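[1] coordinates only, sequence not included:
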């Protein structure tokens, strides 16, 4: 199987597992903070985090986006900040 049916009962669990597994696969190249960010700050496809400086937040987000795209063909988008 190459896709998962949206709306199926286990869909949230499958989505979370896929996201976390992809981050774990990318840890060596992109760092353990990317894995921690994905594991602790995401629910299905929503992520929420805070950082001391804008530069920290931007760096982590860029590395997370690159890791998920390269290792899982997943694209993070609709990013907001305040």
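    Good, I have the coordinates. All values derive from a computational prediction rather than experimental measurement.

[2] who touches residue 29 in this structure?
    If you count contacts by CB atoms under 8 Å, 6 or more residues apart in numbering, residue 29 has them with 67, 70. (C-beta placed from N, C-alpha, C; glycine too.)

[3] Where does the nearest residue to residue 43 once chain neighbours are set aside fall, secondary structure wise?
    When the adjacent residues along the chain are set aside, residue 43 lies closest to residue 16, with 7.3 Å between them (CB to CB, 6 or more residues apart in numbering). Taking DSSP states H and E as the definition, one finds residue 16 inside helix 11-30.

[4] Next secondary structure element downstream of that helix?
    Of the helices and strands lying after helix 11-30 in sequence (DSSP H and E), the nearest is helix 32-41.

[5] List the buried residues of that next one.
    Using 16 or more other CB atoms under 10 Å as the burial criterion, the residues of helix 32-41 that qualify are 34-35, 37-38.

[6] picking that back up, gap between the helix holding residue 16 and the chain center?
    Centroid separation for helix 11-30 versus its chain: 7 Å, with CA atoms, centre = their mean, to the nearest Å.

[7] Taking their axis directions, that helix and helix 32-41 sit at what angle?
    160 degrees (axes from the mean of the first three to the mean of the last three CA atoms, to 10 degrees).

[8] Ends of stretch 66-81, what's the gap?
    Between the opening and closing residues of stretch 66-81 there is a gap of 19 Å (CA to CA, to the nearest Å).

[9] for this structure, what are the low-confidence residue spans?
    Within the chain, the segments meeting pLDDT under 70 span 1.

[10] give the contact list for the residue most central in space within the chain.
    Residue closest to the mean C-alpha point of the chain, counted by CA atoms, centre = their mean, is residue 38 at 4.5 Å. With contact set as CB under 8 Å, 6+ apart, residue 38 has these partners: 19-20, 22-23, 47, 64, 68.
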